[in-house]
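Chemist: Here's a sequence, model it:
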Amino acid sequence: MSLVTGFSAAPTWMRAAAWRRADSRVEHLLSGTPIVEAVVRAERAGFDLCFRPDALTLPRETIGHDPAHLGLDPIVQAAQLAGATSRITLITTVSATFTEPYPLARQLVSLEHLAPGRVGWNVVTSRSGDDQFSVARLPDSAARWRRAAELIDVVEALRASFPDGALIADRESGTLVDLDQVHGIDHVGESFRVAGPLPLPARTREPLPLLVAGGGAATVALAARRADAVFGAAVETADSVTQREAIRAAAAEEGRSRIPLFLPGLSLLLADTREEAVEIARETYEPGRRAIGPHWSVVGTPADAVASIAARARAQAIDGFIAFPIGSWRSVELVCEVVLPRLRELGLVGPLPPPPSRH
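Modeler: Numbers count the residues shown, from 1 in each chain. As a prediction, this is how the structure comes out:
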């Protein structure tokens, strides 16, 4: 089995009190430089994708001492990462509850030009953010996921409205764009009215790689129909098995040959010894508080992380994972330099891709 490996493009190693450590680089957070360095390490290690979670609120009760909700806009950050990387797929989170399809499609297609073949999106319905938008939240989860499904459809229709082959740039004839290939979409639906076309061509005709995140039947239903993967929270192995089986069963009922992957979040507080990892956790997180939120987690050494991942793979609980290094910058280093190479030695992840050609 070859697991799909994801790496968080959020400053998770700074969260809670970890930002106070000398190696956190919190002073440079809003330059984006620490994130770039972390993701470049992940790409060199062979991670398949870079995943950028997002939230639409700034919690005053925690922001004074915890930078968890600080950071660059995900689309802007993806553009920065596009220029710094060459292979890793960039997955940015989008709130289907508050996003309009036309500007979103334009942003995603722009990213496609900056990182050809390496752009995907994670669609969520958002637990918060109502105070920031004039769009009213739909009253129930099913309605919000219907809006999400329509958003996906309209974004893909807009991508198809101006295909790459339409931009011919024929100097001799004076024809820049073949207008016969460019068309409106004239979409009128439950949530959106969009004429199209986009003001730039999409790089491919294939739909963008799509993740969905969340819980409940509505999420599973959309994943079964449309998603390539599901990002989930599964603290225990049994919960991971249950979620993965539910997604697979729903996709089979839809008649899909390509079953969505289940990629749970994996928070990794790693150090060179277990004792050091436990001490970092004690210093960093309040007593009684889970170090890493609602995710599967390992506090220990790289060997502990590898053992935990291998156990879930044997239990058929995962198709991969998205790693969130926490506690210190050392976690970032150990995830990239020790954990992934060891998983490769065990045959749990694919071979290290060759470096990009310089020619």
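Chemist: What is the burial count for the nearest residue to Val335 once chain neighbours are set aside?
Modeler: Closest residue to Val335 apart from its sequence neighbours, by C-beta to C-beta, 6 or more residues apart in numbering: Pro325 at 5.0 Å. C-beta here means a position set from N, CA and C on the backbone, and glycine is covered the same way. Neighbours of Pro325 under the rule other C-beta atoms under 10 Å: 27.
Chemist: For beta bridges, what are the partners of Pro325?
Modeler: Applying DSSP bridges to Pro325 yields these beta-bridge partners: Leu268.
Chemist: Wait, it touches Glu337, no?
Modeler: No: look at Pro325 against Glu337 with C-beta atoms under 8 Å: they stay out of range, at 11.4 Å.
Chemist: quick check, His183 in a helix?
Modeler: No: counting by DSSP: H, G, I helix; E, B strand; the rest coil, His183 is not found in a helix; it is coil.
Chemist: what's near enough to touch it?
Modeler: Applying C-beta atoms under 8 Å, 6 or more residues apart in numbering, we find His183 in contact with 161, 196-197.
Chemist: Tabulate those (JSON lines), appending neighbour count and distance to Ile168.
Modeler: Listed next are the contacts of His183 as JSON lines, based on neighbours: other C-beta atoms under 10 Å; distance: C-beta to C-beta, whole Å:
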{"residue": "Ser161", "neighbour count": "21", "distance to Ile168": "17"}
{"residue": "Gly196", "neighbour count": "21", "distance to Ile168": "20"}
{"residue": "Pro197", "neighbour count": "22", "distance to Ile168": "16"}
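Chemist: So for those, which is the shakiest by pLDDT?
Modeler: pLDDT across those is lowest for Gly196, at 95.
Chemist: wait, what's in contact with it?
Modeler: Going by C-beta under 8 Å, 6+ apart, Gly196 touches 102, 157-158, 161, 183-187.
Chemist: And the strands in the stretch 251-359 of the chain?
Modeler: Remark: strands assigned in the stretch 251-359 of the chain by DSSP state E, counting those that start in this stretch are 261-270, 296-300, 320-325.
Chemist: To Ile280, which of those strands lies closest?
Modeler: strand 261-270 (6.3 Å; C-beta to C-beta).
Chemist: Settle this for me: Asp304 is touching Ala311, isn't it.
Modeler: No: judged on C-beta under 8 Å, Asp304 makes no contact with Ala311 at a distance of 10.7 Å.
Chemist: So between the two, which is more surrounded?
Modeler: It is Asp304, of Asp304 and Ala311, that has more neighbours when counted by other C-beta under 10 Å, with 16 against 12.
Chemist: roughly how far apart are that one and Ala317?
Modeler: Asp304 sits 17 Å away from Ala317, going by C-beta to C-beta, to the nearest Å.
Chemist: will you turn the contacts of His183 into a markdown table that also has distance to Gln107?
Modeler: Shown next, in a markdown table, are these (distance: C-beta to C-beta, whole Å):
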| residue | distance to Gln107 |
| --- | --- |
| Ser161 | 15 |
| Gly196 | 15 |
| Pro197 | 16 |
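Chemist: I'd like those laid out as a markdown table, including distance to Ile35 and secondary structure.
Modeler: Shown next, in a markdown table, are the contacts of His183 (distance: C-beta to C-beta, whole Å; DSSP: H, G, I helix; E, B strand; the rest coil):
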| residue | distance to Ile35 | secondary structure |
| --- | --- | --- |
| Ser161 | 33 | helix |
| Gly196 | 33 | coil |
| Pro197 | 33 | coil |
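Chemist: so which of those would you say is closest to Val349?
Modeler: The shortest approach to Val349 among the contacts of His183 belongs to Ser161, at 37.6 Å (C-beta to C-beta).
Chemist: so what's that closest one up against?
Modeler: Ser161 neighbours (C-beta under 8 Å, 6+ apart): 182-185, 196-198.
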